[in-house]
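Q: Test case, fold it:
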Amino acid sequence: MDLSLSDEQRQLVDSFAALYARESTSERVRAAEPTGFDAALWLALRETGVVEMAVPECDGGWGASVLELALLAEQHGRAIGSAPVIEVQVAAGLLAACGGPGAELLATAMSGQKLITFAPRRSHGSELGMVPAGAVADAVIALVGDRLVASSTAERTVVGNLGALPLADVAIDPHAVTLAEGAQAIALHSSALDRWLTLTAAALVGIGGRAVEVGAQYAQQRKAFGVAIGSFQAVSHPLADSATAVDGARLLAFEAACAFTDETPRVTELSAMAFAFAAESARDATRTSLHVHGGYGFGMEADVQLYYRRARGLTLVYGDPLTALDRVADARYGATG
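A: Numbering: from 1, shown residues only. Prediction:
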């Protein structure tokens, strides 16, 4: 599988990297806490067409590949952007796949009239737990029992979290629109979850990669015994291990993204594997970088803190990495009773 980027894809990376450099500085990220939502950043992203990117051309979108969405997600993670790009893109793609009653909702999402998010966790009750962007979204697409529904988020309880994510527990609207039922609903949600796991894995790769860079920069500047602490093996070797793990996670995330086009039977397996490995790699990388900073790293004013907390918060939106590995096992060997 060829994972090299085309010239157009490199331009995509460069353009979004520049946008985040302007619109998602560490000062802006801190200013967006504790809500985890920067309205100005979201407007800037909306104006670039991040929602339209995720929608097929036949439905009025730009028809970007999952790999291209993953490239954007990685830059989003590097900048720890305070905007619900991934959830909105997955929701838009899911509405396009549903057709019928989803078409009107898709139009409102693409026009910017409504912010519609996606709930990765299935619900069997009257509430959706830990909905990403649930604190700021107008509606959420979720699997409730064997129904795929679009529910208003009017009845919600914001979930405070150190990751500074706009999470909320959302009461399912009794008048929620049913988009699909039965096996079709489960299949549509599973496919959307595959995409969410892949893009979130790419974001975690961005978080882990940038955390290693921040740690390495500090290790070059901080001196002890007259030399940079980066010259000590106890500092340089853990950073090198983290960099290697993040590189592996990046390759796996991009392989999962390419599988949507090149290896569709393995999409579910690869997307869950990518999420699990990226989650563990990002957590280890941010922890290593934090410890390289010494006591300063434990202070909330240190930028590495933003990455350390976001890596853990973003992972737990879906569950522990072991939850994703259960999904890998089910995809390869079949679900257990």
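Q: How far does stretch 11-31 sit from its chain's centre?
A: 16 Å (Cα atoms, centre = their mean, to the nearest Å).
Q: ok, and for stretch 100-110, which residues are buried?
A: 102, 105-106, 109-110 (16 or more other Cβ atoms under 10 Å). C-beta here means a position set from N, CA and C on the backbone, and glycine is covered the same way.
Q: actually stretch 35-55, not the one I wrote
A: For stretch 35-55, by 16+ other Cβ under 10 Å, it's 36-38, 41-42, 44-46, 50-55.
Q: Looking at this structure, which helix is longest?
A: In terms of residue count, the longest helix belonging to the chain (DSSP state H) is helix 182-221.
Q: Quick one: name whatever helix or strand follows that one.
A: strand 223-224 (DSSP states H and E).
Q: ok now that next one, how far from the chain's centre?
A: Per Cα atoms, centre = their mean, the centroid offset for strand 223-224 relative to its chain is 37 Å.
Q: Mind listing the strands that strand pairs with, and their directions?
A: Here strand 223-224 is paired, per DSSP bridges, with strand 227-228 (antiparallel).
Q: From the contact counts, what lies against the next helix or strand after the partner strand?
A: With elements assigned by DSSP H and E, the helix or strand that comes after strand 227-228 is helix 233-262. The contact analysis (3 or more Cβ pairs under 8 Å, 6 or more residues apart in numbering; DSSP states H and E) places helix 233-262 against helix 66-78, helix 182-221, helix 267-292.
Q: gap between the longest one and the chain center?
A: Yep, that's helix 182-221 we're talking about. The answer for helix 182-221 is 5 Å, by Cα atoms, centre = their mean.
Q: Quick one: distance of the strand or helix carrying Ala311 to the chain centre.
A: Taking DSSP H and E as the definition, one finds Ala311 inside helix 303-316. How far helix 303-316 lies from its chain's middle: 12 Å, per Cα atoms, centre = their mean.
Q: One more: stretch 330-337?
A: 25 Å.
Q: Can you give me the buried ones in it?
A: Buried residues in stretch 330-337 (16+ other Cβ under 10 Å): Ala331.
Q: can you dump the C-alpha coordinates of that stretch into PDB?
A: Output in PDB follows, covering the C-alpha atoms of stretch 330-337 (Å, rounded to 0.1, in the frame of the first residue of the first chain):
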ATOM      1  CA  ASP A 330     -15.100  -8.900  16.900                       C
ATOM      2  CA  ALA A 331     -14.200  -7.800  13.400                       C
ATOM      3  CA  ARG A 332     -11.600 -10.600  12.900                       C
ATOM      4  CA  TYR A 333     -13.200 -13.500  14.800                       C
ATOM      5  CA  GLY A 334     -16.800 -12.600  15.100                       C
ATOM      6  CA  ALA A 335     -18.700 -11.000  17.900                       C
ATOM      7  CA  THR A 336     -19.300 -13.100  21.000                       C
ATOM      8  CA  GLY A 337     -22.700 -13.600  22.500                       C
END
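Q: average pLDDT across that stretch?
A: The average pLDDT within stretch 330-337 is 83.
Q: neighbouring contacts of it?
A: 268-269, 272 (Cβ atoms under 8 Å, 6 or more residues apart in numbering).
Q: repeat for stretch 193-203
A: With Cβ under 8 Å, 6+ apart, stretch 193-203 has contacts from 66, 69-71, 73-74, 76-77, 86-87, 89-90, 93, 118, 120, 249-250, 252-254, 256-257, 260, 267-268, 270-272, 274-275, 277-279, 314, 317-318, 324.
Q: Quick one: mean pLDDT for it?
A: Stretch 193-203 shows a mean pLDDT of 98.
Q: And for stretch 247-262?
A: Rounded mean pLDDT across stretch 247-262 is 96.
Q: Export only the CA atoms of it, formatted as PDB.
A: Extracted in PDB, the C-alpha atoms of stretch 247-262 (Å, rounded to 0.1, in the frame of the first residue of the first chain):
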ATOM      1  CA  ASP A 247       5.500   7.300  13.800                       C
ATOM      2  CA  GLY A 248       4.200   3.800  13.900                       C
ATOM      3  CA  ALA A 249       0.800   5.100  15.000                       C
ATOM      4  CA  ARG A 250       0.800   7.500  12.100                       C
ATOM      5  CA  LEU A 251       1.500   4.800   9.600                       C
ATOM      6  CA  LEU A 252      -1.300   2.600  11.000                       C
ATOM      7  CA  ALA A 253      -3.800   5.500  11.100                       C
ATOM      8  CA  PHE A 254      -3.100   6.300   7.400                       C
ATOM      9  CA  GLU A 255      -3.300   2.600   6.500                       C
ATOM     10  CA  ALA A 256      -6.700   2.500   8.100                       C
ATOM     11  CA  ALA A 257      -7.700   5.700   6.200                       C
ATOM     12  CA  CYS A 258      -6.500   4.200   2.900                       C
ATOM     13  CA  ALA A 259      -8.400   1.000   3.600                       C
ATOM     14  CA  PHE A 260     -11.700   2.800   3.100                       C
ATOM     15  CA  THR A 261     -10.800   2.800  -0.600                       C
ATOM     16  CA  ASP A 262      -8.300   0.000  -1.000                       C
END
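Q: ok now it, how far from the chain's centre?
A: Here stretch 247-262 is found 15 Å from its chain centre; the criterion is Cα atoms, centre = their mean.
Q: that older thread, continuing past the helix holding Ala311, what's the next helix or strand?
A: Defined by DSSP H and E, the subsequent element after helix 303-316 is helix 321-333.
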